[in-house]
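Asks: Here you go, sequence then predicted model.
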Amino acid sequence: MSLLGELKRRNVFRVAMLYVVAAWLVIEVAETVLPIFEVPDGVLRGLVVLLVIGLVPALGLAWIYELTPEGLKRDTGATQDQAFSMKTAHRLNWATLVVAVLAISLLAYDRLTSGGSPQPAPAASAPASTANPDSATPATVAQPAAPVAGDARPSVAVLPFANLSADPEQEFFTDGIMEDILTRLAGVSGLRVISRTSVMRYKDTDLSLPEIAAQLGVSHVLEGSVRRDGDRVRITGQLIRANDDAHLWADSYDRNLADIFKVQSEIAERIAEQLELQLTDRDRRLLAQQGTPSAEAYEYVLRARALEHSAVRTPAEIAAALEKAEGYLRAALELDPEYADAWAMMSRAHLYRASYPVSELPAIESWERGVEAARRAIRLAPDRGAGYVALGQAFATRGQRDAALEQFRLAEELEPGSAEVLHNQGVLYTERGELLQALDKLEQAVAVEPGDPNVWDSLATVHARLGDYRDAEAAYRRAFEQIAPHPERLQCMLLLLALTQRDRAKAENIMNHYRSMVQGPTFGTNCIIMYDILNRDFDSAARLIEEHQAFVVELWPFTAAIGLSLAGRPAEAAIEAAEESIERAVPRGSEGWRLFQRARLASLRGEYESALQLLERAHEVGFWPSATQFSLSPVWDPVRDDPRFRAIETELETKLEEMRAELAARRASRTRAQ
């Protein structure tokens, strides 16, 4: 008998097929189960290697041995009973089919439950925010970013320029030149420009330009370098088409520092020409703008901007950086009192002091100074967006949403591609319950700023409120798994998302792992307390609050007040701390927010009539609470059956259903158009 015939007779081919399919099933099970127990990735890789190696002895055993009615016996090569051999082959076929069905079923289940999202790949770490889950609703190298549907504009990413100066301390200057070129391009109406936060992640990267362009979702990339020697500056730039790595334009400029704005304008104009953009008169005016005639003032502003972008975390670090930045800005304004960009930055510094007091200056006075600086910036440069953005942020700080939106609208008319403006608008629309408008703005924002975790976080909030839980989870993962890895925050958001879905089993599974993840008083401590409160395990919440009372009361007084009150523990100190946070001179929230928080505290004190009246007033002025604050919160259990509470709950749900229906109709129309 030929070798091929002998292999068939001994069922070696069938054993090989069964082994491969069984190995596939083992790998699928391992890939699903091992991460639950935080088994290192090397274990899975080792298992794959072992299974590959194991194929050889499996085939050897199939050749040497035969499964007979009397058991496993050595195959001597003698003529076998053909019927028995066929019966063995039939059994192997069925075994292979069964194992294959199991493997395919597991694969399909995994893809469906994960939303079809790709597996994460390593990413560069970046600072993540530490927002309070009590005030928010619950979403690897970043995957390619898709532009907004219907946005056919050419797009460009201005990558961080290389600092070729002899002095490495000139990095702030190099980054400032790059950012100003980016800002000029962003003002061109026919161009989509990726914002600073996203492109700065690619500083000192090993990725190729086509890879970067794919991740940012752009058609072109601008890269360059800056060399400074005293008052002489040499700037080089080259524009590259991403799909074929073709160099469309390259040039270098040797100029005095006093001519730096002209160089930036020339570079932006050359790029617009290469992209065959039809510039409007307004575009040309914006490209030709000169910030200040004082080169020294410009340098001070760049130093202040570098501090604004620096990573500071503790109150002492924040206060020191703020003081130093304000010193640079004062120096710039002494040299040029009409420097609009400096006034806009000074406004942001004052507003930061107002919202996060880091000095003895009263918060309201800091806020008023911020407003005046913003208005000064607008008067000096009415055709630039920076002043309007600063004034809009000032109004938003006081909860004056309509006034804030008007300023952001004016800024958007001047800088239609500003991710900062789009993000601020999206957040304000979310707070007003206008979720479809918020979704539109935030989807535009992530197209321009795909590398900012805060924008993705805001988008996830909107998806969650609209009931798009799969999209919400994907956005949270993009923010805190891919862009700025923050495992505690990610798992907290997924936990609150599961609770919003009323998926108690999923929430419990996440929490079982989360408790072991959180060590000591951290962001995750508040999340665990929130879970226990929403799960009506008040004693567990109170024990954790008491264990870290100073930490929790200082950062999350409402969480402490709710947990201690519902557990029947002494809570007056926490309630007073919560009241103090509401009544600050410059609260971070609207009138509706303040009314809602006061309603919660009234309910905790047993003043249910007052709580309902305050809740009705908050609803009348347009406050939209999250599910964890309202429909899921045990704070409202004593009044949940009251007709006034049910009326508010029904009205909110009706409006949500109307928005969800309109969104579904939009998506269906978009699908048909495609």
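Replies: Okay, I see it.
Asks: which secondary element of the protein has the worst mean pLDDT?
Replies: strand 71-74 (a mean of 57; mean pLDDT, DSSP states H and E).
Asks: Touching, A100 and A23? I think so.
Replies: No - counting by C-beta atoms under 8 Å, A100 sits too far from A23 to count as a contact (11.6 Å). No exception for glycine: its C-beta is placed from N, CA and C like everyone else's.
Asks: Settle it for me: which of these two has more neighbours?
Replies: Neighbours were counted for A100 and for A23 using other C-beta atoms under 10 Å; A23 has more, 20 against 17.
Asks: Which strand or helix spans the more buried one?
Replies: helix 12-33 (DSSP states H and E).
Asks: Model confidence score at T113, please.
Replies: Note for T113: predicted pLDDT of 43.
Asks: swap in G116?
Replies: 36.
Asks: swap in A136?
Replies: Reading off the model, A136 has pLDDT 36.
Asks: before we move on, what about E372?
Replies: pLDDT, E372: 96.
Asks: Would you double-check that it falls in a strand?
Replies: No - using DSSP: H, G, I helix; E, B strand; the rest coil, the secondary structure at E372 is helix, not a strand.
Asks: Next, count neighbours for it.
Replies: 16.
Asks: Please apply the same query to S458.
Replies: Neighbours around S458, by other C-beta under 10 Å: 24.
Asks: how close does it get to S252?
Replies: Distance, S458 to S252, by C-beta to C-beta, to the nearest Å: 40 Å.
Asks: Break this structure into its domains for me.
Replies: 3-113, 155-290 (automatic domain parsing).
Asks: so which of those is the most packed in?
Replies: domain 155-290 (a mean of 18; mean count of other C-beta atoms under 10 Å).
Asks: Would you mind measuring the gap between the ends of that domain?
Replies: Domain 155-290 has an end-to-end distance of 25 Å (criterion: C-alpha to C-alpha, to the nearest Å).
Asks: average pLDDT for it?
Replies: Domain 155-290 comes out at a mean pLDDT of 88.
Asks: My guess is F161 contacts E179. True?
Replies: No - checked against C-beta under 8 Å, the pair F161 and E179 is beyond contact range at 9.5 Å.
Asks: Secondary structure element holding the spatially closest residue to T205 that is not a sequence neighbour?
Replies: Distance criterion C-beta to C-beta, 6 or more residues apart in numbering; nearest residue to T205, sequence neighbours excluded, is I212 at 7.0 Å. According to DSSP H and E, I212 maps onto helix 209-216.
Asks: and the next element down the chain from that helix?
Replies: Counting by DSSP H and E, what follows helix 209-216 is strand 220-229.
Asks: Just the CA atoms of that next one, as CSV, please.
Replies: Provided in CSV are the C-alpha atoms of strand 220-229 (Å, rounded to 0.1, in the frame of the first residue of the first chain):
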residue,chain,number,x,y,z
HIS,A,220,-2.1,64.4,5.0
VAL,A,221,0.6,64.9,7.5
LEU,A,222,2.8,68.0,8.2
GLU,A,223,6.1,67.5,10.0
GLY,A,224,9.0,69.8,10.5
SER,A,225,11.8,71.1,12.8
VAL,A,226,12.8,74.3,14.5
ARG,A,227,16.4,75.5,15.2
ARG,A,228,16.9,78.6,17.3
ASP,A,229,20.1,80.5,17.7
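Asks: quick one: contacts of that strand?
Replies: 154-159, 161-167, 170, 173-174, 177-178, 181, 209, 212-213, 233-242, 248, 257, 267, 271, 275 (C-beta atoms under 8 Å, 6 or more residues apart in numbering).
Asks: same for the strand or helix carrying L495, what does it pack against?
Replies: Using DSSP H and E, the element containing L495 is helix 487-500. Secondary-structure packing of helix 487-500 (3 or more C-beta pairs under 8 Å, 6 or more residues apart in numbering; DSSP states H and E): helix 453-465, helix 469-477, helix 504-517, helix 523-534.
Asks: Tell me the buried residues in that helix?
Replies: Residues of helix 487-500 classed as buried under the neighbour-count rule (16 or more other C-beta atoms under 10 Å) are 488-500.
Asks: what is the orientation angle of it with helix 523-534?
Replies: Orientation note: helix 487-500 sits at an angle of 20 degrees relative to helix 523-534 (axes from the mean of the first three to the mean of the last three C-alpha atoms, to 10 degrees).
Asks: For helix 487-500, give me every contacting residue.
Replies: 128-130, 133, 137-139, 457, 460, 464, 469, 472-473, 476-477, 479-481, 504, 506-507, 510-511, 513-514, 517-518, 522-524, 527, 530-531, 534, 626-628, 632.
Asks: And for stretch 635-651?
Replies: 562, 566, 600, 603-604, 606, 608, 611-612, 615-616, 619, 630-631.
Asks: next one: it to chain centre, how far?
Replies: Taking C-alpha atoms, centre = their mean, to the nearest Å, one finds the center of stretch 635-651 at 33 Å from the center of the full chain.
Asks: what's the model's confidence in it, averaged?
Replies: The pLDDT scores in stretch 635-651 average 96.
Asks: how about that stretch as CSV, C-alpha atoms only?
Replies: Coordinates of each C-alpha in stretch 635-651 appear next as CSV, following Å, rounded to 0.1, in the frame of the first residue of the first chain:
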residue,chain,number,x,y,z
VAL,A,635,-32.1,58.8,48.0
TRP,A,636,-35.5,59.0,46.3
ASP,A,637,-36.9,55.7,47.6
PRO,A,638,-39.1,57.5,50.2
VAL,A,639,-40.8,59.7,47.6
ARG,A,640,-40.5,57.4,44.6
ASP,A,641,-44.3,56.6,44.6
ASP,A,642,-45.3,60.2,45.0
PRO,A,643,-47.2,61.4,41.9
ARG,A,644,-45.0,64.5,41.6
PHE,A,645,-41.9,62.3,41.5
ARG,A,646,-43.5,59.9,39.0
ALA,A,647,-44.5,62.8,36.8
ILE,A,648,-41.0,64.1,36.5
GLU,A,649,-39.6,60.6,35.9
THR,A,650,-42.2,59.9,33.2
GLU,A,651,-41.6,63.2,31.4
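Asks: Do I have it right that A349 meets L322?
Replies: Yes - counting by C-beta under 8 Å, L322 is a contact partner of A349 at 6.1 Å.
Asks: which residues touch P625?
Replies: F596.
Asks: Which neighbouring elements make contact with the helix holding A23?
Replies: Short answer (3+ C-beta pairs under 8 Å, 6+ apart): helix 12-33 packs on helix 41-64, helix 82-113.
Asks: Downstream of the longest one, the next helix or strand is which one?
Replies: The reference is to helix 82-113. strand 155-158.
Asks: Using PDB, list the CA coordinates for stretch 468-480.
Replies: What follows is stretch 468-480, C-alpha atoms only, in PDB (Å, rounded to 0.1, in the frame of the first residue of the first chain):
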ATOM      1  CA  ASP A 468     -26.500  53.100  23.200                       C
ATOM      2  CA  TYR A 469     -24.700  51.000  25.700                       C
ATOM      3  CA  ARG A 470     -22.400  49.200  23.200                       C
ATOM      4  CA  ASP A 471     -21.200  52.600  21.800                       C
ATOM      5  CA  ALA A 472     -20.900  54.000  25.300                       C
ATOM      6  CA  GLU A 473     -18.600  51.100  26.400                       C
ATOM      7  CA  ALA A 474     -16.600  51.400  23.200                       C
ATOM      8  CA  ALA A 475     -16.100  55.200  23.900                       C
ATOM      9  CA  TYR A 476     -15.100  54.500  27.500                       C
ATOM     10  CA  ARG A 477     -12.600  51.900  26.400                       C
ATOM     11  CA  ARG A 478     -11.100  54.300  23.800                       C
ATOM     12  CA  ALA A 479     -10.700  56.900  26.500                       C
ATOM     13  CA  PHE A 480      -9.300  54.900  29.400                       C
END
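Asks: in it, what's buried?
Replies: D468, Y469, D471, A472, E473, A474, A475, Y476, R477, R478, A479, F480.
Asks: For burial, what's the neighbour tally of F395?
Replies: Counted with other C-beta under 10 Å, F395 comes out at 20.
Asks: State the distance from it to R379.
Replies: Distance from F395 to R379, by C-beta to C-beta: 17 Å.
Asks: One more: T280?
Replies: T280 sits 24 Å away from R379, taking C-beta to C-beta as the criterion.
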